[in-house]
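Enquirer: I need the structure of the sequence given here:
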Amino acid sequence: MLRELSVNVCLGLNTIFEKVLGKSFGLQSSDQKEAINECYRAGLRVLNTFSGALDLNDKIVLDGGCGGGVLSMSYADNGCAEVWGIDIVKKNVDFAVEYSQSKGMKNVKFVHASLTEIPADDNYFDIVIMSDVFEHLDRSIISDVFSECYRVLKPGGKLFIEFPPWEGAFAGHVMGLIRVPWSHLLYSASTIKKILYKIDDSGRLAEDCWQQYESLNRITAKQFREIMEQIDFCVYAHKEKAIRDINLLKKLPFIGKYMISRVEVVFSKGDK
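Expert: Reported below is the predicted structural model:
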C-alpha cells in the first residue's frame, strides 16, 4: 500500500515536471530521429567542454562505449584523421556500422569490443573519449579500463571522461519518462521500475530506461575524486558542473553534493 502511494505521488509530480521541463528528453526521446540529432549535438558539446584540450584536427580518436556511434560520427566530422568507436553491445555496433555507411563516412570504424581489451596497439590514439559511459562501468573493471586507456594512448595523449555523478538530479537515467529530479534517490529500484511501466504503456522506452538504471555503478563526485588519486594519469583539467552552472549551489551546506550535475575531466598521459 505504501509503495502504491509512492507511485501515485511520483506520477502526480511527474505531470507537474513534464509541464515545466517538457516530455521529450533528447537521448531518451521516443522519436529515433530526434534522439540521433540530440546525440550528434551532444558530441559537438563534448568538443567545446575544455577549449583547446580536445583539438581533434588530424588526430586519431577512440570513442569508448560508442553506443550507436552518432557521437563518433560527430567527432569524425570535425577534422579527425581517424575515429574508432568500440562498444560491448553487438547490436549497437551493428547499428553504428550501418548508419555510418549510409552517411558515406570513410574516416570512422566500429568494433565490437570491451574497454578492458581494446583491440589496438600500444600508443595508438591521440585522444580517448568516454562521454556518458563511466557511470555504466562495473566498479570491478574501472581500474582495468583506466590501465587499458593508458596503454593505447600516445605519450601526451588525452583521456576525456564526462558523466553525471550518482547524487545529481537526473543521474538515474530514467528522465526519458520520469521527469522528477532526484527520483533515483527518492524511490527504491522496484518503485522506479513500476513507475516506468505505468508511464509507458508500450514498455519499449520503459525497458530502455530500466536497463540504463540497472547498469549504473552509482559513483558519486567524491568517489570519483578518490579514484583520480589512484591512477597513473595526470589531471589536465577538472570540472564539477553545478545545476545551470550556478556554482554557488555546490557550496550549500549538506545539500551541495546534490547540486553537481556533471563531472568533466581531461587526463593526460604524462606531464600536464
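Enquirer: would you map the helices across the stretch 1-150 of the chain?
Expert: 2-21, 32-47, 70-76, 90-102, 142-152 (DSSP state H, counting those that start in this stretch).
Enquirer: what helices and strands are in contact with the last one?
Expert: Contact here means 3 or more Cβ pairs under 8 Å, 6 or more residues apart in numbering; DSSP states H and E; on that basis helix 142-152 packs against strand 60-64, strand 125-131. From N, CA and C alone the C-beta is placed, and that goes for glycine too.
Enquirer: by mean pLDDT, which helix or strand of the protein comes out lowest?
Expert: Ranked by mean pLDDT, DSSP states H and E, the helix or strand of the chain with the weakest confidence is helix 32-47, at a mean of 71.
Enquirer: for Thr116, which of the helices and strands packed on helix 142-152 is the nearest?
Expert: In terms of Cβ to Cβ, the element of these nearest to Thr116 is strand 60-64, at 10.7 Å.
Enquirer: mind listing residues that contact the closest one?
Expert: With Cβ atoms under 8 Å, 6 or more residues apart in numbering as the test, strand 60-64 has contacts from 69, 71-72, 75, 80-86, 115, 118, 120, 124-131, 133, 145, 149, 152.
Enquirer: quick check on these: which are buried?
Expert: Listed as buried from those are 69, 71-72, 75, 80, 82-86, 115, 118, 120, 124-131, 133, 145, 149, 152; burial here means 16 or more other Cβ atoms under 10 Å.
Enquirer: now do the contacts for the residue sitting nearest the centre point of the chain.
Expert: Nearest residue to the geometric centre of the chain (Cα atoms, centre = their mean): Asp132, 0.8 Å. Taking Cβ under 8 Å, 6+ apart as the criterion, Asp132 is in contact with 27, 42, 162-164.
Enquirer: nearest to Ser140 among those residues?
Expert: Phe163 (17.4 Å).
Enquirer: close enough to count as contact, the closest one and Ile260?
Expert: No: counting by Cβ atoms under 8 Å, Phe163 stays clear of Ile260, with 11.0 Å between them.
Enquirer: thinking again about what came up before, export the helices of the stretch 1-150 of the chain to CSV and tack on distance to Lys239?
Expert: CSV is the format used below for the helices of the stretch 1-150 of the chain (distance: least, Cβ to Cβ, whole Å):
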stretch, distance to Lys239
helix 2-21, 23
helix 32-47, 13
helix 70-76, 19
helix 90-102, 28
helix 142-152, 19
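Enquirer: lowest-confidence stretch among the ones you listed?
Expert: Among the helices of the stretch 1-150 of the chain, helix 32-47 carries the lowest mean pLDDT, a mean of 71.
Enquirer: tell me which residues of that helix are tucked away?
Expert: So helix 32-47, judged by 16+ other Cβ under 10 Å, has buried residues 35-36, 38-39, 42-43, 46-47.
Enquirer: now do that helix and strand 60-64, the angle between them.
Expert: Going by axes from the mean of the first three to the mean of the last three Cα atoms, to 10 degrees, helix 32-47 is angled at 120 degrees with respect to strand 60-64.
Enquirer: need the buried residues of helix 32-47 in CSV (columns: distance to Leu186).
Expert: Shown next, in CSV, are the buried residues of helix 32-47 (distance: Cβ to Cβ, whole Å):
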residue, distance to Leu186
Ala35, 26
Ile36, 31
Glu38, 26
Cys39, 28
Ala42, 26
Gly43, 32
Val46, 30
Leu47, 34
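Enquirer: nearest to Glu98, of these?
Expert: Using Cβ to Cβ, the buried residues of helix 32-47 come closest to Glu98 at Ile36, 12.6 Å.
Enquirer: so who does that closest one touch?
Expert: Contacts of Ile36 by Cβ under 8 Å, 6+ apart are 68, 70, 99.
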